[in-house]
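Q: quick one, structure for this:
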Amino acid sequence: MSLSIGSASVTNLYSEHQRWLKGWIQRRVGCSDEAADLAQDTFIRVIQRQRKEADFTIGYPRTYLRTVAHGLLIDHFRRRKVEQAYLEALQQLPHEVVIDLQEREIILETLQRLDKMLDALPPPVRETFLLSRVDGLTYQQIAVQIGVSERTVKRYMQQAYVQCLALML
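A: Sure, this is the predicted structure:
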């Protein structure tokens, strides 16, 4: 069944598949409210694509919706992981250090943006960047560890900086 996606078709797609999609997501996240939000986000993505591509069609609606939702689930779990790591780090702070709610939200949002920037890097570039900036290894040490030349490490670092700057702007 191929479905051309116009505004009426999006309504049909929603009414025919929303309950199924929410249930599919809920089995993965375990929370009805989160599942409802992610299902809504999935349909928003469909609408956004439909607005960009006038001839947009879906061959298999459930397969397409599941694919879009899967991408959203990956982002959701990544955000949850970053948030959990942040909360655990907060618990390690001395009790005298108090970070107000607004500062916490800013820090969490910044961490999530950093995670997204790092995820946009090709794997060897990301690994090189993290080994340098987080682990503090020299370019020579990185080259030995990942099995490339020092020149390649420099190129990877340049790529990482350019990508991060581009995403920040």
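
Q: what about this protein, any weak spots by pLDDT?
A: For the chain, applying pLDDT under 70 flags the ranges 1-8, 95-97, 167-169.

Q: tell me the contacts of the most centrally placed residue in the chain?
A: Nearest to the mean C-alpha position of the chain, by C-alpha atoms, centre = their mean, lies residue 75 at 3.3 Å. Under the criterion of C-beta atoms under 8 Å, 6 or more residues apart in numbering, the contact list for residue 75 is empty. (Each C-beta comes from the backbone N, C-alpha and C, glycine too.)

Q: list the buried ones in stretch 152-167?
A: Judged by neighbour count using 16 or more other C-beta atoms under 10 Å, the buried positions of stretch 152-167 are 152, 153, 156, 157, 159, 160, 163, 164.

Q: nearest to residue 83, of those?
A: residue 164 (21.2 Å; C-beta to C-beta).

Q: where's the closest one, which helix or strand?
A: Element membership of residue 164 [criterion: DSSP states H and E] is helix 150-168.

Q: what about the strands in this structure?
A: 3-4, 57-58 (DSSP state E).

Q: so who does the nearest residue to residue 156 once chain neighbours are set aside touch?
A: In space, and not counting its chain neighbours, residue 156 is closest to residue 128: 4.0 Å by C-beta to C-beta, 6 or more residues apart in numbering. By C-beta under 8 Å, 6+ apart, the contact list for residue 128 reads 142, 146, 153, 156, 157, 160.

Q: let me see the contact set for the first one.
A: Which is residue 142. Neighbour list for residue 142: 128, 131, 132, 153 [criterion: C-beta under 8 Å, 6+ apart].

Q: distance of it relative to residue 24?
A: 42 Å (C-beta to C-beta, to the nearest Å).

Q: cool, and the fifth one?
A: When C-beta to C-beta is the yardstick, residue 157 and residue 24 sit 41 Å from each other.

Q: contacting residues around the nearest residue to residue 25 once chain neighbours are set aside?
A: Nearest in space to residue 25, with sequence neighbours left out and distances taken as C-beta to C-beta, 6+ apart, is residue 35 at 4.2 Å. Contacts here follow C-beta under 8 Å, 6+ apart; on that basis residue 35 touches 22, 23, 25, 26, 29.

Q: max pairwise distance over those residues: which two?
A: Longest span within the contacts of residue 35, C-beta to C-beta: 23 and 29, 11.2 Å.

Q: the two: which is more packed in?
A: Remark: of residue 23 and residue 29, residue 29 carries more neighbours, 16 against 12, as counted by other C-beta atoms under 10 Å.

Q: pull the contacting residues for the nearest residue to residue 83 once chain neighbours are set aside.
A: Excluding its sequence neighbours, the residue lying closest to residue 83 (C-beta to C-beta, 6+ apart) is residue 108, at 6.0 Å. Residues in contact with residue 108 (C-beta under 8 Å, 6+ apart) are 82, 83, 86.
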